[in-house]
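K.L.:
fold the following.
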Amino acid sequence: MLIGSAAGKIFLQEDFSGDWESRWVKSSWKEDSGEAGKWEVSAGKWFADEEKSKGLMTAEDAKFYAISTKFDSFSNEKSPLVVQFSVKHEQSIDCGGGYVKLFPSTVDQKKLQGGAEEDKYNIMFGPDICGYTKRTHVIFEYKGKNHLIKKEPRCESDEMTHLYTLLVNTDGSYEVFIDMESVQKGDLTDDWDFLPPKKIKDPAQSKPSDWVDDAKMDDPEASKPEGWDDIPKQIPDPDATQPDDWDTEDDGEWEPPTIDNPDYKGEWVHPQIDNPDYKGEWVHPEIDNPEYKEDPSIGKYKDFGVLAFEIWQVKSGTIFDNVLLGDDLDEAFKAAEGSYKGLVDAEKKAKEVADEAKKAEEDAAAAAAADDDADEPDYAAEEDDEEPSKDEL
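P.N.:
Sure, this is the predicted structure:
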């Protein structure tokens, strides 16, 4: 685990309590077309403490969402960056985002929209789920382009609350945590294609024309046995006889059916031996890439000023909470101990109680339906009873 500085700073901390709407700005993006989704503050269907568990929830299916909050501008050029928030996909999400985006302070919050050239974000971080694709996005803007991590950090897709944390250090290292457990770490220049490769194939080198890279060769002392190709794959069935009713004039000349030839050996394959001239697989020599140049500014930004949830969801119901931006991992985890970790176990128990109650309701409904069926009069039986017997006729 990478540790931040001793004197940590918190630039943004949000739990969506009180007058949260005064702190957040909903974008007008997609509103004219009716594609903009509504937000609500809710603890969801199951929770440990309804007030403490309240978060920002997507409330309409198949909608675009864009909402943001502003904070005092800061930079991570000389200190680590910690991005942390919790996500609860209570709706059993099948396709939708659950990430945050960090923008410069200059972004127009009222018009903020995904993919707009003027709304270039610095960092995008968090879970994204669509079908079988379930990953934690870590995307950095660099020289006008968004660069996606080459690895695929996992994400959680159950219906419980999970805490996502990203740590970016000044030395170019990073680490991704889920529920305060490390799931991915490394160096920015290794796990993203920000820069050209350090090494390239030497353009002045090529494989020698006499290079032998065939490990095996035909055995020069072996040859196909004489008569090998004269053995047919199938032969007439020796046990077959012409049917008694066969008429040569009407049916033509009778031919016995064919069967697999037990003497057929298949296509002859030339035996192989080790090639004495084999030199191994040729490896193209590499040289330092003259276009490669280290850039210590990767992952560092002069201005962070806006955090946004800008996502698309097929099925709504995701709850975001416990948002924190800071420069110290320990401080972020301390905040999570009080705002998140202490509620998780109780939330699981509340979910179990809700599931048991739902099952009891379903069982009761099924039992009631069965009773109703049993109480229905058997009109067919009554009609049978009314039919006269033979003695009565």
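K.L.:
how about the helices in the stretch 51-200 of the chain?
P.N.:
Using DSSP state H, counting those that start in this stretch, the helices of the stretch 51-200 of the chain run over residues 188-191.
K.L.:
quick one: K145 and E310, what's the gap?
P.N.:
18 Å (Cβ to Cβ, to the nearest Å). For every residue, glycine as well, the C-beta is placed using N, CA and C.
K.L.:
with I10 instead?
P.N.:
Going from I10 to E310 by Cβ to Cβ gives 23 Å.
K.L.:
which stretches of the protein aren't confidently modelled?
P.N.:
Residue ranges of the chain with pLDDT under 70: 1-7, 115-118, 374-393.
K.L.:
just give me the longest strand of it.
P.N.:
Ordering each strand of the chain by length in residues (DSSP state E) puts strand 63-74 first.
K.L.:
who does the residue nearest the centre of the chain bridge with?
P.N.:
Closest to where the C-alpha atoms of the chain average out (Cα atoms, centre = their mean) is K134, at 1.8 Å. For K134, the beta-bridge partners under DSSP bridges are I129.
K.L.:
doesn't C155 make contact with it?
P.N.:
Yes - using Cβ atoms under 8 Å, K134 is in contact with C155, at 5.4 Å.
K.L.:
common neighbours of these two, please.
P.N.:
P127, D128 (Cβ atoms under 8 Å, 6 or more residues apart in numbering).
K.L.:
so which of I10 and E310 has more stuff around it?
P.N.:
Taking neighbours as other Cβ atoms under 10 Å, I10 and E310 compare with E310 leading, 23 against 15.
K.L.:
quick check: that one touching V107?
P.N.:
No - contact criterion Cβ under 8 Å: E310 and V107 do not qualify, at 10.5 Å.
K.L.:
what touches both of these two?
P.N.:
The contact sets of E310 and V107 overlap at S68 (Cβ under 8 Å, 6+ apart).
K.L.:
kindly list the longest helix within this structure.
P.N.:
Longest helix of the chain, by residue count under DSSP state H: helix 342-375.
K.L.:
that helix: how far from the chain's middle?
P.N.:
31 Å (Cα atoms, centre = their mean, to the nearest Å).
K.L.:
do the same with stretch 77-84
P.N.:
Centroid separation between stretch 77-84 and its chain, computed with Cα atoms, centre = their mean, is 26 Å.
K.L.:
just the CA atoms of it, as CSV, please.
P.N.:
This file holds the C-alpha atoms of stretch 77-84, laid out as CSV (Å, rounded to 0.1, in the frame of the first residue of the first chain):
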residue,chain,number,x,y,z
GLU,A,77,1.8,18.7,-9.4
LYS,A,78,3.6,18.6,-6.1
SER,A,79,1.5,16.4,-3.9
PRO,A,80,-0.4,13.1,-4.3
LEU,A,81,-4.0,13.0,-5.5
VAL,A,82,-6.7,10.8,-3.9
VAL,A,83,-10.1,10.4,-5.5
GLN,A,84,-12.6,8.4,-3.4
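K.L.:
quick check: buried residues in it?
P.N.:
Neighbour counts over stretch 77-84 (16 or more other Cβ atoms under 10 Å) mark S79, P80, L81, V82, V83, Q84 as buried.
K.L.:
please apply the same query to stretch 352-361.
P.N.:
Buried, per 16+ other Cβ under 10 Å, within stretch 352-361: nothing.
K.L.:
contact partners of that stretch?
P.N.:
K45, W46.
K.L.:
helix/strand/coil for the closest residue to E281 other than its chain neighbours?
P.N.:
Distances taken as Cβ to Cβ, 6 or more residues apart in numbering put D213 closest to E281, at 5.9 Å, once the chain neighbours are dropped. Of the three states, D213 takes coil under DSSP: H, G, I helix; E, B strand; the rest coil.
K.L.:
for D213, give me its contacts.
P.N.:
Going by Cβ under 8 Å, 6+ apart, D213 touches Y278, K279, G280, E281, W282.
K.L.:
now E77
P.N.:
Contact analysis of E77 by Cβ under 8 Å, 6+ apart lists T170, S297, K300, Y301, K302.
K.L.:
tell me which element the second one falls in.
P.N.:
So the one you mean is S297. Using DSSP states H and E, S297 is not contained in any helix or strand.
K.L.:
what is the burial count for it?
P.N.:
Using other Cβ under 10 Å, S297 has 13 other residues around it.
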